[in-house]
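[1] Attaching a predicted model along with its sequence, questions to come.
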Amino acid sequence: MSGFRNITVAELEAMLQQGDLRLVDVRTDAEVARGRIPQGEPLPLHLLPMRLNELDKTRPTVFYCQMGGRSAQAAAFAAANGFSNVYNLQGGIAAWMQAGLPVSA
């Protein structure tokens with residue numbers, strides 16, 4: 001068991017509408033500069049181990065990256081460190097944009 005669940009773009013959309021969700025973008029600063037999901041908070045994957053304590057372990061947390069690979073690593077790391085409601089956006093921001101959803105600069 002990985003401790004996290006993969007979710008689709010549609011599931012993330014519904015979760016964002018419900019609120020009380022932390023959306024964490026684990027891409028590099030250069031990738032984030034090309035566009036991000038509006039509610040996403042940048043936290044590059046390589047900084048996650050040092051900054052994990054800044055996140056609330058009890059709040060639902062969704063990680064995303066470009067395609068879903070690095071965010072799966074981030075989600076697994078968070079779950080292994082006591083986070084209870086952890087999700088990975090399948091397909092990353094690429095799937096989000098493919099679905100025609102908004103991206104901010």
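    Noted; the coordinates are in hand.

[2] going forward, measure contacts between C-alpha atoms and count neighbours the same way
    Will do.

[3] Could I get the buried residue list for the helix ranked longest in the chain?
    Secondary structure assigned by DSSP state H gives helix 69-80 as the longest helix of the chain. Residues G69, R70, S71, A72, Q73, A74, A75, A76, F77, A78, A79 are the ones in helix 69-80 that count as buried (16 or more other C-alpha atoms under 10 Å).

[4] tell me which of those residues is nearest to T28?
    Distance to T28 across those (C-alpha to C-alpha) is lowest for R70, with 10.6 Å.

[5] Hmm, V26 and that closest one touching each other?
    Yes: with contacts counted by C-alpha atoms under 8 Å, R70 reaches V26, the gap being 7.1 Å.

[6] Need the buried residues of helix 69-80 in CSV (columns: pLDDT and distance to N88).
    Below are the buried residues of helix 69-80 laid out as CSV (pLDDT from 0 to 100; distance: C-alpha to C-alpha, whole Å):
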residue, pLDDT, distance to N88
G69, 97, 9
R70, 98, 9
S71, 98, 6
A72, 98, 6
Q73, 97, 9
A74, 98, 8
A75, 98, 6
A76, 97, 9
F77, 97, 11
A78, 97, 11
A79, 97, 11
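
[7] just to revisit the earlier point, give the other helices and strands that the longest helix of the chain contacts.
    Here helix 69-80 touches strand 61-64, strand 86-89, going by 3 or more C-alpha pairs under 8 Å, 6 or more residues apart in numbering; DSSP states H and E.

[8] Please list all residues in contact with the residue positioned nearest the centre of the chain.
    Centroid-nearest residue in the chain: F63, 1.6 Å away (criterion: C-alpha atoms, centre = their mean). Shown in contact with F63 (C-alpha atoms under 8 Å, 6 or more residues apart in numbering): L23, V24, D25, V26, S71, A72, A74, A75, V86, Y87, N88, L89.
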